[in-house]
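S.K.: Any chance you could fold what I've pasted below:
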Amino acid sequence: MTINRKTLHTWLPFLRWFPLSREIVQADLMAGITVALLLVPQSMAYAQLAGLPVVYGLYASVVPVVIASLWGSCNQLHTAPVAMLSMMSAAAVIPLAVPGSEKFIALSIMLALMVGILRLVMGLARMGLLVNFISNPVLIGFTNAAALIIGLSQLNKVIGVPFPRSESYIADLASVVMQIEDTHWPTLAFAVGTYLIIVLSARITKAVPGVLLAVIITTVVSAVTGFEHKKQVALDAVRSQDEVTAIRLYENVSRQIRGLTEEISDKNSELIELEREGRERSEQAARLKGELVTLRSNLDRLKQENNVRHIQLHHIIYKQVQLDNGEVAFYVRDAVPEGLQTDALDWRFAAIQGEELTLSAGGAVVGVIPQGLPSFAIPGFDFEAMWVMLPAAFIMALIGFMEATSISRAIAVKTKQTVDVNKELVGQGLANMVGSFFSSYTVSGSFSRSAVAASTGAKTGIFAIVSAVVVVIVLLFLTPLLYHLPQSVLAVIVMMAVFGLIRVQPLRHAWRLDRFGVIIGMITFVATLVMAPAIANGILVGIVLTMVAFVLRVMKPRVEVLGRDSDGALAGMQAYGLEPISHCFVPVRFDGAIMFANVAYFENAILEAHAKFPNARTILVIGSGINWIDASGEEKIREMTGMLRDVGVTLAFSSLKKQVRESFERGELIDVIGEHNIFRTKDAALRGLARRHEIRDGNSVKACQ
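M.R.: Numbers count the residues shown, from 1 in each chain. This is a model prediction of the structure:
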């Protein structure tokens, strides 16, 4: 059996790269190394945004990068962790597990598999057109809101305070703002320094990414100055009973929260099993639903209480004291006994594990990153969690695909490539699916890295493979060097990346053309902010409103009775204040399909035209704006033809498109209306009707004009 070249490239699209020249390989090698210098710090930052240890960002920058480059359709598209999907991943999993826990990691990996399967199925079914359900104003409104949410969610890391996690992002952000007085100034200094390094380096030279320079410089400074400065001590080293009691309470409630989360998960699994057995209305199912309501309410209450408690504990400053017996004790700063010498550091609560208390007098750093490559492991399946996360997975599949295709098309304009959106769906789907077997969370195409690849001369997807190889080297040999990288540096990297996605000008431009669409985009923006952290719900609101607006427009298309302008052209009588063409016939332009949703509107339009011109004996429908007709439309035309004929009025049509004319023929409407009442063009219709009524009335042509 002979396989032609086109078929081979369909199944193995990377073959289009060959044959390779020395110049192409050199260009891809340099582009790949440059992109990798940006990829390493970005992937770690985005992993934290997803609620995962930073190493999972590196894991997601190996296998998925290679698979997407091999099976994608754009040579310069770089696929790996991105800010938007990282935030959406965290939002989807947080209701089911504690961020950073083993279950949270497992569910994040399973979510990547779900997103991959959805994208792959959409690509194989050639469903790339699904993105048309998201209008541009809705997408901009969602992107702007998500960028604000993602960027501001890093504020706590910039100033070094806790960020409470609850069902209300706005309330959580307000809690962070209220802690500004507790700002850790060295942490803020690292954040400001990172921003300045990135901005200034971009102005001075583009040979080395500013992000990489910031990571190197801040990591070295952090290590040299001892920025982290943590200490583990026994809880009884704190010499304040009130604070010890509060810390123990915080730990106990944290344990209760973990227990409730697991209990809710188990009961959800039981409920899904009952629904699978067809017993969703049984007494047992009703009992489980009631218990779940109570458990979720208790969980939300405990989370809110512990969030407040965590902030209060962090607000307390301790001073270290060396006692006469050699022991180290910690007193609340304002309650140090007189005569005791304290050190110069201000210590704050960081964490508690059993009887071991972690205090911090410095800032947060990345810490230990496991060395070695991700091993092959089949993702765990939690069917209860899968159904809960499915809506978010679908939105993530669409949003990620839209990001990837928009980047690909922008690059294709410059490189003259042909981008196949369905192939891109397949490539993105395979990247997430295969990546999930190697500890990867959800990935997609990156604006920044793809732009760098294109600007540095990448010719084929080999550049992406080179970037993955660099990440492998980092995982194998260089992770210890990243221990002292400040968390605030990663936060600034995220903030600068996502704030660059905020766009206002497209909405201003769209306001001139489609104000209703822009209003829906603004509603989407507000809904996304209000519904955060479940930001996927925000774009669902936008999609629903867009569909409602579309249906309303379909239900009420533009209908005009036409008159003749001074230059002889036809135009709307009411809109331009024109006189009627004739008193014997009425030309009506109907701009829309005649279908079930608007047949009543079509009927009203015809009857209104007849009411305004009661002496007219023909109503002419100019159908150049009618693209199709369904069974309901066909039946309504048949009914209207008979109804008007009974009162001595003829219903005529002109300018029908080929597909509409064929529908008339299949429905035998031509026999009902009469072949002589269907005209090829509007001019032929106007001339024919003028002659027809002139002869029938015995009047002059002028009487009909």
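
S.K.: what sits against Arg617?
M.R.: Residues near Arg617 by CB atoms under 8 Å, 6 or more residues apart in numbering: Cys584, Phe585, Gly648, Val649, Thr650, His693, Arg696. Quick note: C-beta positions are derived from backbone N, CA and C, even for glycine.

S.K.: Which of the residues you listed ranks first by neighbour count?
M.R.: With neighbours taken as other CB atoms under 10 Å, the top of the contacts of Arg617 is Phe585, carrying 24 neighbours.

S.K.: which residue sits closest to Pro599 in space, ignoring its chain neighbours?
M.R.: Residue 599: Val, not Pro. Lys636 (4.1 Å; CB to CB, 6 or more residues apart in numbering).

S.K.: Can you give me the neighbour number for the one you found?
M.R.: Counted with other CB under 10 Å, Lys636 comes out at 21.

S.K.: which one is the residue most central in space within the chain nearest to, not counting chain neighbours?
M.R.: By CA atoms, centre = their mean, the mean C-alpha position of the chain lies nearest to Ile399, the distance being 4.1 Å. In space, and not counting its chain neighbours, Ile399 is closest to Met84: 6.4 Å by CB to CB, 6+ apart.

S.K.: what's the helix or strand containing the one you found packed up against?
M.R.: In the assignment (DSSP states H and E), Met84 maps to helix 83-93. Other helices and strands packing on helix 83-93, by 3 or more CB pairs under 8 Å, 6 or more residues apart in numbering; DSSP states H and E, are helix 22-49, helix 102-124, helix 136-152, helix 383-415, helix 487-499, helix 536-555.

S.K.: I'd like those helices laid out as a markdown table, including distance to Gln76 and mean pLDDT.
M.R.: As requested, the helices and strands packed on helix 83-93 are exported to a markdown table (distance: least, CB to CB, whole Å; pLDDT from 0 to 100):
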| stretch | distance to Gln76 | mean pLDDT |
| --- | --- | --- |
| helix 22-49 | 8 | 88 |
| helix 102-124 | 19 | 92 |
| helix 136-152 | 22 | 85 |
| helix 383-415 | 5 | 79 |
| helix 487-499 | 18 | 87 |
| helix 536-555 | 27 | 85 |
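
S.K.: So which of the ones you listed is nearest Val177?
M.R.: Distance to Val177, taken as CB to CB, is lowest for helix 136-152 among the helices and strands packed on helix 83-93, at 9.4 Å.

S.K.: give the contact list for Ile155.
M.R.: Check again: residue 155 is Leu, not Ile. Phe163, Leu173, Val176, Val177, Ala491.

S.K.: Where do the helices of the stretch 451-600 of the chain begin and end?
M.R.: 462-473, 487-499, 505-513, 515-531, 536-555, 573-576, 599-612 (DSSP state H, counting those that start in this stretch).

S.K.: Can you mark which positions in the second one are buried?
M.R.: Within helix 487-499, the residues that qualify as buried by neighbour count (16 or more other CB atoms under 10 Å) are Gln487, Ser488, Val489, Leu490, Ala491, Val492, Ile493, Val494, Met495, Met496, Ala497, Val498.

S.K.: Just the closest of those residues to Val211, please.
M.R.: Ile493 (5.8 Å).

S.K.: isn't that closest one right up against Thr194?
M.R.: Yes - using CB atoms under 8 Å, Ile493 makes contact with Thr194 at a distance of 7.2 Å.

S.K.: Mutual contacts of those two, please.
M.R.: Counting by CB under 8 Å, 6+ apart, the residues touching both Ile493 and Thr194 are Ala214.

S.K.: returning to that earlier point: a markdown table please, covering the helices of the stretch 451-600 of the chain and showing distance to Val215.
M.R.: Below are the helices of the stretch 451-600 of the chain laid out as a markdown table (distance: least, CB to CB, whole Å):
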| stretch | distance to Val215 |
| --- | --- |
| helix 462-473 | 14 |
| helix 487-499 | 6 |
| helix 505-513 | 32 |
| helix 515-531 | 31 |
| helix 536-555 | 31 |
| helix 573-576 | 62 |
| helix 599-612 | 61 |
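
S.K.: if I look at the residue nearest to Met88 when sequence neighbours are not counted, how far off is Val471?
M.R.: Using CB to CB, 6+ apart and skipping residues adjacent in sequence, the residue nearest Met88 is Met396, 5.2 Å away. To Val471, Met396 is 23 Å away according to CB to CB, to the nearest Å.

S.K.: Give me the angle between the longest helix along the chain and helix 102-124.
M.R.: Assignment by DSSP state H gives helix 241-276 as the longest helix of the chain. Angle between the axes of helix 241-276 and helix 102-124 is 40 degrees (criterion: axes from the mean of the first three to the mean of the last three CA atoms, to 10 degrees).
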